[in-house]
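Peer 1: Here is my input; please provide its structure:
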Amino acid sequence: MNGLDDNVWLAIIAGEGVVAIVILIWVIVLSGKLRKLRKAHNKLIGDTGIPDLEGVLDSLHGRLGELESGRQEQEQRLARQEKRLASLKGRIGVHRFNAFADSGSDLSFSVAIVNEEQDGVVLTGIHGRDQMFLYAKPLDKGQSAYMLSPEEKTAINQASQKE
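Peer 2: Numbering: from 1, shown residues only. This is a model prediction of the structure:
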């Protein structure tokens with residue numbers, strides 16, 4: 001046979017067999033890694049319908065921009081609502097008292113209805129034996145253009161202390 005003996009041919013065939021087995025193992029390992037990579041790619045891409053990663057990232061970037069503008073709009077709405085809520089007249093203080101020390105009981109009253117800035121109104125009812133008087137005084141920052149009685153100031157303080 002052309003100057004090569006059978007042992008050399010056998011060694012060449014055995015070497016090729018070993019190389020083929022190593023290449024086969026390499027292909028199996030690489031196909032396993034490719035399968036994992038394909039799963040990770042499918043998980044990352046998801047059901048976006050966009051085949052490439054750059055398209056997915058562009059789409060996500062656009063969605064993030066929309067979400068950020070929506071969040072800013074919600075913050076502005078919340079700020080407006082908090083400002084509106086603070087201006088509502090929701091704090092009430094009631095103080096009952098005896099307007100005439102010589103007769104009657106605690107039938108007279110002062111009711112203060114104020115917001116957080118102490119803007120609102122104070123109502124005072126003076127109860128006498130034969131008649132009843134009712135007074136309303138506007139409040140601006142806890143003060144009124146009309147003179148406030150100590151009982152009215154007490155009602156305003158009670159309303160201001162409520163949370």
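
Peer 1: use CA for all of it now, contacts and neighbours both
Peer 2: Noted.

Peer 1: what stretches of this protein score poorly on pLDDT?
Peer 2: The model of the chain has pLDDT under 70 over residues 1-4, 48, 87-89, 103-104, 162-163.

Peer 1: Give me the domain ranges for it.
Peer 2: 6-84, 91-161 (automatic domain parsing).

Peer 1: any idea which helix or strand carries residue 156?
Peer 2: According to DSSP states H and E, residue 156 maps onto helix 150-161.

Peer 1: so which of the domains of the chain is the most packed in?
Peer 2: domain 91-161 (a mean of 17; mean count of other C-alpha atoms under 10 Å).

Peer 1: How far does that domain sit from its chain's centre?
Peer 2: Centroid displacement of domain 91-161 relative to its chain, using C-alpha atoms, centre = their mean, to the nearest Å, is 40 Å.

Peer 1: Show the end-to-end separation of that domain, please.
Peer 2: With C-alpha to C-alpha, to the nearest Å as the measure, domain 91-161 spans 9 Å from end to end.

Peer 1: now swap in stretch 96-107 and tell me
Peer 2: 7 Å.

Peer 1: Give me the contacts around it.
Peer 2: Stretch 96-107 is contacted from outside by 108-110, 126-129, 151, using C-alpha atoms under 8 Å, 6 or more residues apart in numbering.

Peer 1: Widest-spaced pair of the residues you listed?
Peer 2: Farthest apart among these by C-alpha to C-alpha are 129 and 151. That separation is 19.7 Å.

Peer 1: Cool, thanks, signing off.
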